[in-house]
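Enquirer: predicted model, plus sequence, below.
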Amino acid sequence: MNDPHKNSVAQLKKVADLLKKDYKDNKKVFEKAINKLKEPDNVYETKLEIKMDDGSKKKFQAYRSQHNNARGPYKGGIRYHENVSESEVKALSTWMTWKCAVTGIPYGGGKGGIIVNPKKLSTTELEKLSRAYSVFLTDKIGPWVDVPAPDVNTTGQIMAWMVDEYQNQLSKKGLIQENPLGTFTGKPLALGGSEGREEATGLGGVMVLEKLVEKMGYKKKKDVKIAIQGFGNVGYWFAKHAFDRGYTVVSVSDSKGGVYVEKGLNPDKVLTCKREKGSVQSCINGGSAISNEDVLELDVDILVPAALENVIHKDNADKVKAKAIIEMANGPVTPEADEILSEKKVTLIPDILANSGGVTVSYFEWAQNLQGYYWSREEVVTKLQPLMEDAFARMWQMKETHIVDGRMATYMTAVKRVVDAMILRGGF
Ligand code: GLU
């Protein structure tokens with residue numbers, strides 16, 4: 001069975017093997033740091049009980065994993081999904097540690113989750129569950145401790161309920177000097193959110209795309225054909241920014257299937273049509289309907305999985321025709337598929353770099369909340385760009401000096417930063 005935490009530990013061991021020669025004079029302490037990084041610092045779990053609309057009581061299993069805080073407070077989203085598990089939350093919090101280190105934002109990694117299908121809850125039930133989760137988190141989080149955010153199936157509204165409940169709990173304890181707005185990010189604009197947060201993940205990915213395309217030697221943007229699996233927040237904003245910059249987006253898809261338009265499609269037109277008719281496939285407009293699996297096998301330059309985990313696996317990796325993959329979802333390529341793609345010389349930009357624009361603008365949101373001074377969208381975009389470009393440049397340099405693939409190069413830069421912070425602190 002796929003065990004995400006085991007995978008994350010195996011990945012760390014591989015990275016440590018490649019990095020260890022940089023720590024020849026510090027061998028023991030390096031090994032100790034790596035060992036500590038195999039397990040999160042803290043994993044909290046509880047059962048949240050809420051009263052359902054029909055009067056019955058129901059319990060939901062919930063977690064918060066705090067992986068490492070050597071570089072700053074734990075940071076990471078909260079996921080509402082039926083497949084949430086302790087192993088998944090632990091792995092995702094580990095990946096957040098690397099993700100924050102990749103762009104150099106001053107955080108460690110955390111992740112939370114509740115085993116629930118939120119689509120089966122009414123709005124009242126969803127609010128109760130979110131408030132109960134916030135009560136559970138009260139003494140574990142804070143702007144300098146752990147800063148949660150949205151993840152799969154969680155929204156700005158959910159963050160708003162959590163902020164409100166957290167503030168209620170603090171007031172009850174007499175802790176009125178705390179900063180509840182600076183304790184959660186991904187909040188709505190009207191409640192301390194940041195301009196640009198909604199589009200940040202997709203936009204950050206396109207900033208990486210621009211640098212990658214330069215390295216791949218394309219002369220004209222319109223010659224770069226892109227297929228995107230997923231048309232939610234991340235997929236749509238990636239498609240829109242890529243289209244606006246002149247790239248040819250030939251395919252997008254949602255959970256019901258995809259469309260392929262050889263000469264390229266306009267993501268805004270597809271979105272308007274999808275909102276009207278309910279699915280991307282009702283918006284073919286001169287193209288053809290294809291399945292979600294077909295999207296991954298299209299003959300394109302860049303493939304962007306922006307939906308689910310593990311969609312490229314050992315049985316379809318060989319059929320990928322794209323020259324490069326930009327992972328906008330978390331974990332869309334399995335470790336077995338990774339090896340196949342690496343042999344096929346497909347350039348891969350891993351999730352912890354490609355989708356780090358989201359948490360980076362979370363960092364900007366937190367910084368604004370702590371200052372009580374808010375920035376324009378232009379300021380946010382202007383500050384995001386150099387962080388994404390530097391992260392890409394560092395990864396590329398690591399890739400060329402150590403002759404490793406994009407994923408390994410990214411992990412090496414990230415793990416090195418975390419280990420260096422741990423060694424400076426000592427005491428473990
Ligand atoms: N859930 C997002 C991620 O996986 C954002 C996390 C955050 O903003 O803290 O990167």
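Expert: Structure's in. What do you need?
Enquirer: and the longest helix along the chain with the ligand, contact?
Expert: Criterion DSSP state H: the longest helix present in the chain is helix 377-402. No. Shown here: helix 377-402 not in contact with the ligand (C-beta under 6 Å from any ligand atom), separated by at least 12.9 Å. For glycine as for every other residue, the C-beta is placed from the backbone atoms N, C-alpha and C.
Enquirer: what pLDDT, on average, does the following helix or strand past that helix get?
Expert: As assigned by DSSP states H and E, the chain's next helix or strand after helix 377-402 is helix 406-425. Averaged over helix 406-425, pLDDT sits at 96.
Enquirer: quick one: buried residues of helix 406-425?
Expert: If you call a residue buried by 16 or more other C-beta atoms under 10 Å, then helix 406-425 has these buried ones: 406-423.
Enquirer: now for the longest helix of the chain, which elements pack on it?
Expert: If you count contacts as 3 or more C-beta pairs under 8 Å, 6 or more residues apart in numbering; DSSP states H and E, helix 377-402 packs onto helix 86-103, helix 197-216, helix 351-354, helix 357-371, helix 406-425.
Enquirer: repeat the analysis, applying 6 Å as the threshold.
Expert: If you count contacts as 3 or more C-beta pairs under 6 Å, 6 or more residues apart in numbering; DSSP states H and E, helix 377-402 packs onto helix 86-103, helix 197-216, helix 357-371, helix 406-425.
Enquirer: buried ones in it?
Expert: Neighbour counts over helix 377-402 (16+ other C-beta under 10 Å) mark 380-381, 383-384, 387-388, 391-392, 394-396, 398-399 as buried.
Enquirer: with stretch 255-273 instead?
Expert: Neighbour count says stretch 255-273 has 257-261, 265, 267, 270-271, 273 buried, by 16+ other C-beta under 10 Å.
Enquirer: one more: stretch 207-215?
Expert: Using 16+ other C-beta under 10 Å as the test for burial, stretch 207-215 gives 207-213.
Enquirer: partner residues bridging residue 253?
Expert: When assigned by DSSP bridges, residue 253 has beta-bridge partners residue 229, residue 258.
Enquirer: ok, now which ones touch residue 58?
Expert: By C-beta atoms under 6 Å, 6 or more residues apart in numbering, residue 58 lies in contact with residue 52.
Enquirer: name the element it belongs to?
Expert: Using DSSP H and E, residue 58 sits within strand 57-68.
Enquirer: swap in residue 30?
Expert: Counting by DSSP H and E, residue 30 is part of helix 27-37.
Enquirer: one step back: would you check which pair of the buried residues of helix 377-402 lies furthest apart?
Expert: The distance between the two most remote of the buried residues of helix 377-402 (C-beta to C-beta) is 28.6 Å, for 380 and 399.
Enquirer: in this structure residue 310 contacts residue 334, no?
Expert: Yes. Here residue 310 lies in contact with residue 334, judged by C-beta atoms under 6 Å, at a distance of 5.2 Å.
Enquirer: who has more neighbours, those two?
Expert: Counted by other C-beta atoms under 10 Å, residue 310 and residue 334 do not tie: residue 334 has more neighbours, with 19 against 15.
Enquirer: what's the distance between that one and residue 311?
Expert: The gap separating residue 334 from residue 311 is 9 Å, by C-beta to C-beta, to the nearest Å.
Enquirer: the ligand contacts on the protein?
Expert: Checking the chain against the ligand by C-beta under 6 Å from any ligand atom, the hits are 75-77, 99, 149, 151, 185-186, 330, 355, 358-359, 362.
Enquirer: mind redoing it with 5 Å?
Expert: Within reach of the ligand by C-beta under 5 Å from any ligand atom, the chain has these residues: 75, 77, 149, 151, 358-359, 362.
Enquirer: is it possible to get a markdown table of the helices and strands packed on helix 377-402 that adds distance to residue 167?
Expert: Shown next, in a markdown table, are the helices and strands packed on helix 377-402 (distance: least, C-beta to C-beta, whole Å):
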| stretch | distance to residue 167 |
| --- | --- |
| helix 86-103 | 25 |
| helix 197-216 | 20 |
| helix 357-371 | 13 |
| helix 406-425 | 31 |
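Enquirer: to residue 338, which of these lies closest?
Expert: Closest to residue 338 of these is helix 406-425 (C-beta to C-beta; 6.4 Å).
Enquirer: which neighbouring elements make contact with that closest one?
Expert: helix 4-19, helix 27-37, helix 86-103, strand 347-349, helix 377-402.
Enquirer: and of those, who's closest to residue 50?
Expert: Distance to residue 50, taken as C-beta to C-beta, is lowest for helix 86-103 among these, at 20.1 Å.
Enquirer: quick check: the spatially closest residue to residue 150 that is not a sequence neighbour vs residue 299, distance?
Expert: Spatial nearest neighbour of residue 150, chain neighbours left out: residue 186 (4.1 Å); criterion: C-beta to C-beta, 6 or more residues apart in numbering. Plainly put, residue 186 is 36 Å away from residue 299 if you go by C-beta to C-beta.
Enquirer: and residue 7, what does it touch?
Expert: With contacts defined as C-beta under 6 Å, 6+ apart, residue 7 is in contact with residue 335.
Enquirer: which residue does the stretch 251-400 of the chain bring closest to the ligand?
Expert: residue 362 (3.2 Å; C-beta to the nearest ligand atom).
Enquirer: tell me the SS of the closest residue in space to that residue that isn't next to it in sequence?
Expert: Leaving aside its sequence neighbours, residue 362 sits nearest to residue 185 (C-beta to C-beta, 6+ apart; 3.8 Å). Counting by DSSP: H, G, I helix; E, B strand; the rest coil, the backbone at residue 185 sits in coil.
Enquirer: now do the buried residues in stretch 228-248.
Expert: Those would be 228-231, 233-243, 247-248, for stretch 228-248 by 16+ other C-beta under 10 Å.
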